[in-house]
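K.L.:
quick one, structure for this:
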Amino acid sequence: MRVLQNIFLLLSVSLLLNACMGGGGVDIPRDHYYRLPAVAPITPRPAPQLPGTLEVTAIQTSGMLHERAILFVREQQPLEVSPYHYYFWVNAPTSLIQQHLLAYLQQKNLAHSQHRYRSDTPADFRLEGELFHFERYLRGNAAEAQVELELLLRDNRSQRILVHRRYRQNITAASMNMADTANAFGQALTAIYQQFSNEVANLNLP
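P.N.:
Predicted coordinates for the structure are as follows:
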């Protein structure tokens, strides 16, 4: 009996090691990392809308949005936000959005120059942002990128707030592939930037 027990134990350990090492046809999940798509070419404004330089501060957020795991919400459980275990952003969403936003503003020619906030290089205008939602919403056989981003444009010269608004965009991905969801996030963000740009254009600054 003891011999049989030992044989059974050895077989169990062997199967476990084989599974851990990827043998026996067992697929071991691997991590996947995603970035936002590059900003699509846009038509720049013929002249900058902001008469000066613009600095873009780090995007603020709280809770799980500090982490790199892609978050999802199911239609059946709209109050439950969960992280994927094998799907991540290459950097925290706030870092990706700051880079993405800056790339859009540079193409749009919104100010004479745009750069990340640096304490040693004060700018004429400051753009601040706060991220409230950045989740993959699952509804039936469709995935939707849901983004809620607050933007605040400040005139550093007069200490006036020129634009302060919370924007929300939901874009359905082309398929259930996670790469298509990443593209949908990029589209949602670009739509928000366009709304913000239009509001700046209506300021009629001297």
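K.L.:
how about stretch 110-117: buried residues?
P.N.:
Neighbour counts over stretch 110-117 (16 or more other CB atoms under 10 Å) mark Leu110, Ala111, Ser113, Gln114, Tyr117 as buried. C-beta: built from backbone N, CA, C; applies to glycine.
K.L.:
which residues outside that stretch are in contact with it?
P.N.:
45, 48-58, 98, 102, 105-106, 121, 123-126, 197, 200 (CB atoms under 8 Å, 6 or more residues apart in numbering).
K.L.:
where does pLDDT dip in the chain?
P.N.:
Within the chain, the segments meeting pLDDT under 70 span 1-27, 206.
K.L.:
can you give me the helices for this protein?
P.N.:
Applying DSSP state H to the chain gives helices spanning 2-20, 93-108, 178-201.
K.L.:
which stretches of this structure form strands?
P.N.:
Secondary structure of the chain (DSSP state E): strands located at 32-34, 50-56, 69-74, 77-89, 111-116, 125-139, 142-155, 160-172.
K.L.:
reformat those strands as JSON lines; add distance to Ala40.
P.N.:
Compiled in JSON lines, these are given as follows (distance: least, CB to CB, whole Å):
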{"stretch": "strand 32-34", "distance to Ala40": "17"}
{"stretch": "strand 50-56", "distance to Ala40": "19"}
{"stretch": "strand 69-74", "distance to Ala40": "22"}
{"stretch": "strand 77-89", "distance to Ala40": "20"}
{"stretch": "strand 111-116", "distance to Ala40": "18"}
{"stretch": "strand 125-139", "distance to Ala40": "20"}
{"stretch": "strand 142-155", "distance to Ala40": "15"}
{"stretch": "strand 160-172", "distance to Ala40": "13"}
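K.L.:
of these, which approaches Leu205 most closely?
P.N.:
When these are compared by CB to CB, strand 50-56 sits nearest Leu205, at 6.0 Å.
K.L.:
what are the buried residues along that closest one?
P.N.:
For strand 50-56, the neighbour count (16+ other CB under 10 Å) marks Leu50, Thr53, Leu54, Glu55, Val56 as buried.
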